[in-house]
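Visitor: fold the following.
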Amino acid sequence: MFNHVGHLTLSPEATDAQIEAILDGLLGLPGQVPGLVEGQAVRDAGLTEGNATLRFHMRFESEDAWRAYGSHPAHVAVVTEHIKPVLAGKAFVQYDDAAVRSATA
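Guide: This is a model prediction of the structure:
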């Protein structure tokens, strides 16, 4: 699987309704975007000043599917209609499952 993880920092003026619309929009993409097999999204718990507002994780069948996602009309609509109006900052990471390193206690 190929992964796309993002942290979005929204402007302080972003309302709860706007944040929920972003989360709902992102979670509505699997099933609309070919090759996007799973989506997760979560709001930050608000425990530390300066954290991003929300995090999402999208899992794709392949890197090519992720590349096509960038210009898919459903994805573009979520970005244009919901994210861009309140976006203050963003950070993304893309990776293949084969590159993941892990440790356990």
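
Visitor: got the phi/psi numbers for Asn3?
Guide: Backbone torsions of Asn3, given as degrees, to the nearest 10, read phi -120, psi 140.

Visitor: for it, name its beta-bridge partners.
Guide: On the basis of DSSP bridges, Asn3 is bridged to Arg59, Tyr95.

Visitor: tell me who's in contact with Gln40.
Guide: By CB atoms under 8 Å, 6 or more residues apart in numbering, Gln40 lies in contact with 27, 56-58. (Glycine included, C-beta is placed from N, CA and C.)

Visitor: so which of those is the most crowded?
Guide: Among those, the one with the most neighbours (other CB atoms under 10 Å) is Met58, at 25 neighbours.

Visitor: tally of neighbours for the nearest residue to that residue once chain neighbours are set aside?
Guide: Leaving aside its sequence neighbours, Met58 sits nearest to His4 (CB to CB, 6 or more residues apart in numbering; 4.5 Å). His4 has 20 neighbours, counted by other CB under 10 Å.
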